[in-house]
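Peer 1: curious how this folds, go ahead:
(chains A, B, C and D)
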Number of protein chains: 2
Amino acid sequence: MFEQLFKSINERVALTEEEKELCKTFYTFRRLRKRQFLLQEGDVCKYNAFVEKGLLRSYTVDDKGNEHIIQFAAEGWWISDLYSFLTGVTSVYNIEALEDCELLLLTKSASDELLARLPKFESYQRILLQGAYIAMQRRIHASLNQTAEEKYLNIIDIYPDIIQRVPQHMVASYLGLTPETLSRVRKQLILPK
Amino acid sequence: MFEQLFKSINERVALTEEEKELCKTFYTFRRLRKRQFLLQEGDVCKYNAFVEKGLLRSYTVDDKGNEHIIQFAAEGWWISDLYSFLTGVTSVYNIEALEDCELLLLTKSASDELLARLPKFESYQRILLQGAYIAMQRRIHASLNQTAEEKYLNIIDIYPDIIQRVPQHMVASYLGLTPETLSRVRKQLILPK
DNA sequence: AAATCTGATTGATGTAAATCAATGACTCAT
DNA sequence: ATGAGTCATTGATTTACATCAATCAGATTT
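Peer 2: Just a heads-up that it's a prediction; the model follows:
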């Protein structure tokens, strides 16, 4: 039940058994069936969620009704609307299960207390955020400067597993492309063999 | 000399005078004249730099010779290639002073030691990174889903000060637009009054 | 003051990707 | 098996922005 979480933590900081036990007490477990929502726009994001099992997406819907995927999160990843979670302001994001999920949830108060009680958790979070920040910077660079084809080749390279588990039009949405464009890009990539 | 830094830290965590004094010992001061570089691509990023005064940019140069601006940093901001800084891998970024600058530099070892010695610095860094991550997520959302005009209105809204201090073609580069396109966008925005 | 840079503007043209629209393949529920 | 829903593909057309090229305005240098 905490396998993925402690794997994630252990890759970054070393916890004693005692600290692990303490850590456990702050989380609540939740199952989410495919197509259920962890967060819907207009609500405040109450949880920072760690994915033990399954796959989720966060996305926004624009005025034309188009969905824009911000993030995918599979096993070992965290997902939330960090801004809403930290400030208590209502969210513009939706977080939806794309597969049946098992999640470990931290409320804001649990998170604050855990940070205060367990300095190593603070380190863990900082290190996680560093990685996330670096990944984000790369994604921006890609979105600003790469062609549709380059973006697709790039994501295959970085998240090959996600591509396999997610419908193609969601990959397109994540890349900021239309499904039609991604379909044509793939066709071009297969032909010139 | 440390005004901006302690202002930045104090907005996030409370340091005692003693802690401030400890903190100071880890930084080295450096002036940088306009057009000088803090980092050039191919070098390892040796410093995480806090801007006390002045303005810098980080950017990459693509194979066609076009520059792509990743980040601006004015007073109160940090700038580095975090990936290169943390891993020691050579950087693909350039960091250049756009105005005469006064910087406070942390080497990797100074940073590590400061984190170990002063838990509040760890908190400070985590909180900073949270904000940076949220800002990055917004920027991605904008770059994927907004028109040139929306992007420009957006940046005026978020960084009005930066726009004033930076040549227009650099704003264009930051937004992923050509200078010509930005010029036309601005024209359109002024006309329909 | 003339000469050189640097940055912004404007016009003509090209193009990658979006949009609109139809068809096909697959799964799922009845 | 039949119809409904979801997803991918393909074609025709449009469009937002890039590219190419020239001119212009202010700074900066000599």
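Peer 1: hey, let's count contacts and neighbours off CA atoms from now on
Peer 2: Noted.
Peer 1: what residues does chain A put near DNA strand D?
Peer 2: Residues of chain A found near DNA strand D (CA under 7 Å from any atom of the strand) are A:167-170, A:179-184, A:186-187.
Peer 1: which of the residues you listed are buried?
Peer 2: If you count burial by 16 or more other CA atoms under 10 Å in any protein chain shown, the buried members of the residues of chain A next to DNA strand D come out as A:169-170, A:182.
Peer 1: can I get these in TSV with secondary structure?
Peer 2: Below are these laid out as TSV (DSSP: H, G, I helix; E, B strand; the rest coil):
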residue	secondary structure
A:169	helix
A:170	helix
A:182	helix
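Peer 1: give me the pLDDT for the residue of chain A found nearest chain B.
Peer 2: Per CA to the nearest CA, residue A:126 is where chain A lies closest to chain B, at 4.6 Å. Confidence at residue A:126, expressed as pLDDT, is 98.
Peer 1: residue A:185 now?
Peer 2: If you check residue A:185, the pLDDT there is 96.
Peer 1: is chain B contacted by the one helix or strand it maps to?
Peer 2: Assigned by DSSP states H and E, residue A:185 falls within helix A:179-190. No - judged by CA under 8 Å from any CA of the partner chain, helix A:179-190 stays clear of chain B, getting no closer than 14.3 Å.
Peer 1: can you narrow the residues of chain A next to DNA strand D down to the ones near DNA strand C?
Peer 2: Restricting the residues of chain A next to DNA strand D to those touching DNA strand C (CA under 7 Å from any atom of the strand) yields A:180-182.
Peer 1: is it possible to get a markdown table of those that adds pLDDT?
Peer 2: A markdown table is the format used below for those (pLDDT from 0 to 100):
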| residue | pLDDT |
| --- | --- |
| A:180 | 96 |
| A:181 | 97 |
| A:182 | 97 |
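Peer 1: and which of the residues you listed is nearest to residue B:10?
Peer 2: residue A:182 (47.4 Å; CA to CA).
Peer 1: separation between residue A:165 and residue A:98?
Peer 2: Separation of residue A:165 from residue A:98 (CA to CA, to the nearest Å) stands at 9 Å.
Peer 1: neighbour count winner among those two?
Peer 2: Neighbour count, other CA atoms under 10 Å in any protein chain shown: between residue A:165 and residue A:98, residue A:98 has more, with 22 against 13.
Peer 1: the more buried one contacts residue A:55, doesn't it?
Peer 2: Yes - counting by CA atoms under 8 Å, residue A:98 does reach residue A:55; the two are 5.5 Å apart.
Peer 1: CA atoms only for stretch A:179-193 - export them in CSV, please.
Peer 2: Written as CSV, here are the backbone C-alpha positions of stretch A:179-193 (Å, rounded to 0.1, in the frame of the first residue of the first chain):
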residue,chain,number,x,y,z
PRO,A,179,-5.6,14.9,-33.0
GLU,A,180,-5.5,15.3,-36.8
THR,A,181,-2.1,16.8,-36.8
LEU,A,182,-0.7,14.1,-34.6
SER,A,183,-2.2,11.4,-36.8
ARG,A,184,-0.5,12.9,-39.8
VAL,A,185,2.8,13.3,-38.0
ARG,A,186,2.7,9.6,-37.1
LYS,A,187,1.9,8.7,-40.7
GLN,A,188,4.9,10.7,-41.9
LEU,A,189,7.2,9.0,-39.4
ILE,A,190,6.2,5.5,-40.4
LEU,A,191,6.3,5.9,-44.2
PRO,A,192,9.9,7.0,-44.8
LYS,A,193,11.4,3.7,-43.8
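Peer 1: got the contact list for it?
Peer 2: By CA atoms under 8 Å, 6 or more residues apart in numbering or on different chains, the residues outside stretch A:179-193 that reach it are A:148-149, A:152, A:168-169, A:172-173.
Peer 1: tell me which parts of chain A are close to chain B?
Peer 2: Residues of chain A lying close to chain B by CA under 8 Å from any CA are A:68, A:70, A:82-83, A:119, A:122-123, A:125-126, A:129-130, A:132-134, A:136-137, A:139-141, A:143-145, A:175-176.
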